[in-house]
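[1] Any chance you can model this:
(chains A, B, C and D)
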Protein chains: 2
Amino acid sequence: MKKEMTLAAEICARLSERIISGELAAGSPLRQDHIAAEFKASHVPVREAFRELEARGLAQRLPRRGTRVAEAPHAALREVAEMRAVLEPLALRHAAPQITGSVLQRAAEANQAAENAEDIYTWEEANRRFHRTLLEPCGMERLLRSIDDLHLASARYLFAGKSREWQSPNDRDHRAILAALRAGDSATACSVLARHVQWTPPRLRLQAGGFRP
Amino acid sequence: MKKEMTLAAEICARLSERIISGELAAGSPLRQDHIAAEFKASHVPVREAFRELEARGLAQRLPRRGTRVAEAPHAALREVAEMRAVLEPLALRHAAPQITGSVLQRAAEANQAAENAEDIYTWEEANRRFHRTLLEPCGMERLLRSIDDLHLASARYLFAGKSREWQSPNDRDHRAILAALRAGDSATACSVLARHVQWTPPRLRLQAGGFRP
DNA sequence: GCCTTCAGAATTATCTATAATCTGACACCA
DNA sequence: TGGTGTCAGATTATAGATAATTCTGAAGGC
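    Predicted coordinates:
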């Protein structure tokens, strides 16, 4: 049995999905013994999975006292948005000189998928793919990792707020970003991107809960 | 024996120091079995320590193939500097309204310690303390954690380049930041901070290796 | 000389057992 | 009644054993 993923990685991936989707609620305890039993594994790779979840901001470990799903307070929504608003344009600025036609093509396909999405999970995955595709050519691994983790956090907020509010966003910013990049205007692409993910006061954007993923 | 730190945390802290100081060179293998023997421990908490080191950007784990000290390529120096240049002002902007006289006092003391430092390690710790003290009141934990990790990376670069080049920096930016904050001018404080940690081309700043910690 | 295969050694990942710490119930005392 | 101490059971952390995977060098074939 030659698996690509270690058991710890597999458990981490499964728990990640449940946390992000909201199935595992913020603050709820993650019992290493119970999860080990569920996965028919020893508790040691479960602990390793918890370490990884914590590193991605999805869990909070309290040494000797257990691990919990990370809280996702409303106040931190702004924190996530503002970090993205400074980090994503930074990545795009470095990525832009390396963006090929192929990258733009893949980004456009991701955006098309987002526009066609009929449920919020499909939309979020396509949206995340759009962003990642454009930023990846920057080649700055630490920065990309930070952005990835912020996207996970964003997804949690998105899914947590989906009830009653979600409509397929009719969002032109992605197209504007692509158009600017095709025109070689990375400054405009960066500023549209920054505005696109920027925190805005809730009063003005009730349906999106204060930011745009 | 009631210890505050778990063994994994202790091992992580010790290895951290060695990585940051340069004693453990970039790319060098971290052997779980050897380290376990050195600490007279099982390899399991060593693995947990490796997970934590990786989360902080100090190690790179290759599943089933071992763990290495994270590379610190010169190219990534710029990445670290630029991330700091956008994240630290963001944190300071949110911290400024919460900064008390006590915070400013502690920051001034840290700066004094930095100015009086006679070796680079003392200076680095005081410098880091200065930054952290000012930014902590923002209360944004994810952001502060990111900045902390960037400071660890900065320290690695600083110590790696210390030979022959290090002089006690005669740096007025810290004082300018404090003065602006005392005057309630957070915009100036933020822009000085951004400039202070900003990436500059190596040609113009040979002695500091391209950025200012 | 180069490439492929394979066995054995080395190393990492997980398991099971044990040690350490935490939690909550209960008893006792002022 | 409220506060404190004790202790059993629950839970987490680590040790040592075992299983799984990778690495390395030797042998054989072309």
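[2] Who's the closest spatial neighbour of A:Ala55, skipping the chain neighbours?
    B:Ala55 (3.6 Å; C-beta to C-beta, 6 or more residues apart in numbering or on different chains). Using the backbone N, CA and C atoms, a C-beta is placed for each residue, glycine as well.
[3] give me every residue that touches the one you found.
    B:Ala55 makes contact with A:Arg51, A:Glu54, A:Ala55, according to C-beta atoms under 8 Å, 6 or more residues apart in numbering or on different chains.
[4] do that again at 10 Å, thanks
    Contact partners of B:Ala55, counting by C-beta atoms under 10 Å, 6 or more residues apart in numbering or on different chains, are A:Arg51, A:Glu52, A:Glu54, A:Ala55, A:Arg56, B:Cys12, B:Arg61, B:Arg145, B:Asp149.
[5] per-residue confidence at the residue of chain A found nearest DNA strand D?
    Proximity of chain A to DNA strand D (C-beta to the nearest atom of the strand) peaks at A:Gly66, 3.4 Å away. At A:Gly66, the model reports a pLDDT of 94.
[6] what is it paired to in the beta sheet?
    For A:Gly66, the beta-bridge partners are A:Leu62 (DSSP bridges).
[7] How much space separates it from B:Ser42?
    Note on A:Gly66: its distance to B:Ser42, by C-beta to C-beta, to the nearest Å, is 21 Å.
[8] Quick check: the residue of chain A closest to DNA strand D touching A:Val46?
    No. Proximity of A:Gly66 to A:Val46 does not meet the contact threshold set by C-beta atoms under 10 Å, at 11.9 Å.
[9] Which one's more surrounded, these two?
    Neighbour count, other C-beta atoms under 10 Å in any protein chain shown: between A:Gly66 and A:Val46, A:Val46 has more, with 26 against 13.
[10] Report whether that one is found in a strand, as I expect.
    No. Counting by DSSP: H, G, I helix; E, B strand; the rest coil, A:Val46 is not found in a strand; it is helix.
[11] That one reaches A:Lys40, doesn't it?
    No. At 11.2 Å, A:Val46 and A:Lys40 do not qualify as touching, with contact defined as C-beta under 10 Å.
[12] shared neighbours, these two?
    Common contacts of A:Val46 and A:Lys40 (C-beta under 10 Å, 6+ apart): A:Leu7.
[13] can you pull the pLDDT of A:Leu204?
    Reading off the confidence values, A:Leu204 has pLDDT 37.
[14] got the end-to-end distance for stretch A:27-40?
    Using C-alpha to C-alpha, to the nearest Å, the end-to-end distance of stretch A:27-40 comes out at 24 Å.
[15] Kind regards, and thank you for your time.
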